[in-house]
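> sequence and predicted structure below; questions after.
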Amino acid sequence: MAVLQQPVVGGNVFADQIGDDLAPAGTYVATVLDIVDEFGVQRQKFQSMEMETVDLTTFLFGFRDAQGFEHRVSSRRMKISGNEKASLFGFLKSLLGHAPQYGWDYMAIKGAQCLVTVEHIQRRDGTGVFAGIAALSPVPQGMGQPSGQPPSPQPSPSRGEGVPGSGVVRPAARPAGNVRPAMPSPAGVPAGRLAPPKPAGDPLPF
């Protein structure tokens, strides 16, 4: 009997925006251009033939090289999880310079700046290399763009508007009777951790 299987998740959700551009290796002041959440994605478990249903998120960064050319690079897809050992938790910790608070919506960092270290990674099929993110960190004081009014938030069509918990860092599950108290949600991005977005009216997104 032939059974039609749902495809395993793969590829880059920002492939159309990145195109054929290979971002140069190095460390740059970059802007968080977009964040896309995907819900109910089927994928194969790590080192297993079993399938699982997960919620994933991907970040897109933009920067200019020394010659002023624009480039874009994306993170890999990460499971939306507040577990301290989860990839997303470590990713946000590096980007912010401190551990993210539970209940905080990471969509708030769209338009903010950080330092991104880009590396070239060999493709598994041996057809060349692609640009990946090797490291993240906050922008040191004085390196970011001048302060300005942040742009009006634009919801991503793939974000899953109306889905409870969209873009929110959720704590890892805990045994009954040992409930973690709710942590306060910050009013915005912690001061001094990420450079603010560029002033409105700038003709370029970064």
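Arrived safely.
> pLDDT of the lengthiest helix in the chain, averaged?
Identified as the longest helix of the chain according to DSSP state H is helix 87-96. Averaged over helix 87-96, pLDDT sits at 96.
> flag every buried residue along that helix.
Leu88, Phe89, Phe91, Leu92, Ser94, Leu95, Leu96 (16 or more other Cβ atoms under 10 Å). Where you see a C-beta, it was placed from the backbone N, CA and C, and this is true even at glycine.
> my read: the fifth one touches Thr117, true?
By that I understand Ser94. No. Ser94 is not in contact with Thr117 according to Cβ atoms under 8 Å; the separation is 10.2 Å.
> now the common contact residues for the two.
Ala135, Leu136 (Cβ atoms under 8 Å, 6 or more residues apart in numbering).
> which strands and helices lie in contact with the one helix or strand in the chain whose mean pLDDT sits lowest?
The helix or strand of the chain with the lowest confidence, counting by mean pLDDT, DSSP states H and E, is helix 15-18 at a mean of 91. Judged by 3 or more Cβ pairs under 8 Å, 6 or more residues apart in numbering; DSSP states H and E, the packing partners of helix 15-18 are strand 70-74.
> now the strand it packs on - C-alpha only, CSV.
Taking C-alpha atoms only, strand 70-74 is exported to CSV below (Å, rounded to 0.1, in the frame of the first residue of the first chain):
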residue,chain,number,x,y,z
GLU,A,70,23.5,45.1,1.6
HIS,A,71,23.3,41.5,2.7
ARG,A,72,20.9,39.3,4.5
VAL,A,73,21.5,36.2,6.6
SER,A,74,19.0,34.0,8.5
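> give me the contact list for it.
Against strand 70-74 from outside (Cβ under 8 Å, 6+ apart): 12-14, 17-18, 21, 23-24, 30, 33, 58-65, 116, 118, 131-133, 204, 206.
> in it, what counts as buried?
Per 16+ other Cβ under 10 Å, strand 70-74 contains these buried residues: His71, Arg72, Val73, Ser74.
> and that strand, which strands flank it?
According to DSSP bridges, strand 70-74 forms sheet pairs with strand 51-64 (antiparallel).
> now the angle from the partner strand to helix 87-96?
Between strand 51-64 and helix 87-96, the angle comes out at 20 degrees (axes from the mean of the first three to the mean of the last three Cα atoms, to 10 degrees).
> what mean pLDDT does strand 51-64 have?
pLDDT averaged over strand 51-64 gives 94.
> shaky segments in the chain?
Along the chain, the model assigns pLDDT under 70 to residues 1-11, 144-206.
> which stretches of it form strands?
Per DSSP state E, the chain carries strands over the ranges 26-44, 51-64, 70-74, 78-79, 113-122, 129-137.
> could you list every residue that touches Thr27?
Counting by Cβ under 8 Å, 6+ apart, Thr27 has contacts Leu115, Val116, Thr117, Val118, Ala135.
> the last one and Phe39, how far apart?
So the one you mean is Ala135. Distance from Ala135 to Phe39, counting by Cβ to Cβ, to the nearest Å: 28 Å.
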